[in-house]
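1. Got a predicted model here, sequence first, then my questions.
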Amino acid sequence: MTSDANSAKDFLESYDPKDYPSVALTADLVVFAVSAGTLNVALVRRGGHPFKGALALPGGFVGPEESAEQAAKRELAEETGLDLGSLTLHLEQLATYTSPDRDPRMRVVSVAHLALLPTDGSVLPRIAAGSDAAAAGWHPVHDILRSNDLAFDHSKILQDGSGRLAGKMEYTTVAARLLPDEFTLTQLRTIYDAVWDTSLPAGNFTRKMMPHLTDTGRKARAATGGAPAALFTASDGHIHPPLAKPAHSA
């Protein structure tokens, strides 16, 4: 063994982590789904202290053998009962929250994730409380943001998650992640309306989105008295020029 290797071995053997302040790590999730033209977020009702009885984002502590992403998926399944094996889930890291006083128990750093669940626009994935949650359910995002009444700093995390999604929808086709693989233009525009809390003109939206969509040649089942609508898939490219979120949108 070289002298450098011996030095490193001696250092690690004498190193005591207790000489440094402990910091716990959690993973929290902002889980969005759209139904009836409304953007919804999955929230749990806390069953224990701190913030007992308050609404919060699903999440929990990262285990010693887990990555933050692995913990996020585990906590989502445990606290909401969502079967991730049967759901198409878009998951991306949102931000890291490090304020020293964000948790009254101890110093806790949270790695927050943004999750998008596809729906047909009418039925939300079923969720049920598990783990230490007293209840779990879907809540309209814009109502929750206006109330600003979530546990910990979860109102801030939700605001950041909503802003991330709304912003990315201007220049990417991420909105399609909230829909089945094949969708109509009306369904896609409904996602934009729900997230941006607005009502976009159909003609202008179609003109801007069509270059980024592929017509499958198939048709959606027609509503009573209506003509069947074309079904599309979305590319993974950037929207250029980007769509402009209306200034009055939430």
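-> Noted; the coordinates are in hand.

2. per-residue confidence for the closest residue in space to Pro50 that isn't next to it in sequence?
-> Sequence neighbours aside, Pro104 is the residue nearest to Pro50 in space, at 5.1 Å (criterion: C-beta to C-beta, 6 or more residues apart in numbering). Placement of C-beta: from N, CA and C, glycine included. What the model reports as pLDDT for Pro104 is 94.

3. ok but Pro104 is inside a helix, no?
-> No: applying DSSP: H, G, I helix; E, B strand; the rest coil, one finds Pro104 to be coil, outside a helix.

4. and it, how many residues sit next to it?
-> 10 (other C-beta atoms under 10 Å).

5. Please look at it and Ala151 and confirm they touch.
-> No: applying C-beta atoms under 8 Å as the test, Pro104 and Ala151 come out as separate, 10.4 Å apart.

6. Find residues that contact each of the two.
-> Common contacts of Pro104 and Ala151, defined by C-beta atoms under 8 Å, 6 or more residues apart in numbering, comprise Pro50.

7. Dump the helix-or-strand element of the chain with minimal mean pLDDT to PDB, keeping only the CA atoms.
-> One helix or strand of the chain scores below all others by mean pLDDT, DSSP states H and E: helix 3-14, with a mean of 78. Output in PDB follows, covering the C-alpha atoms of helix 3-14 (Å, rounded to 0.1, in the frame of the first residue of the first chain):
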ATOM      1  CA  SER A   3       1.900   6.200   1.500                       C
ATOM      2  CA  ASP A   4      -1.000   8.200   0.100                       C
ATOM      3  CA  ALA A   5      -3.300   5.100   0.500                       C
ATOM      4  CA  ASN A   6      -2.100   4.700   4.100                       C
ATOM      5  CA  SER A   7      -2.700   8.300   4.800                       C
ATOM      6  CA  ALA A   8      -6.200   8.100   3.400                       C
ATOM      7  CA  LYS A   9      -6.900   4.900   5.400                       C
ATOM      8  CA  ASP A  10      -5.700   6.500   8.600                       C
ATOM      9  CA  PHE A  11      -7.800   9.600   7.900                       C
ATOM     10  CA  LEU A  12     -11.000   7.700   7.400                       C
ATOM     11  CA  GLU A  13     -10.400   5.500  10.500                       C
ATOM     12  CA  SER A  14     -10.000   8.600  12.700                       C
END
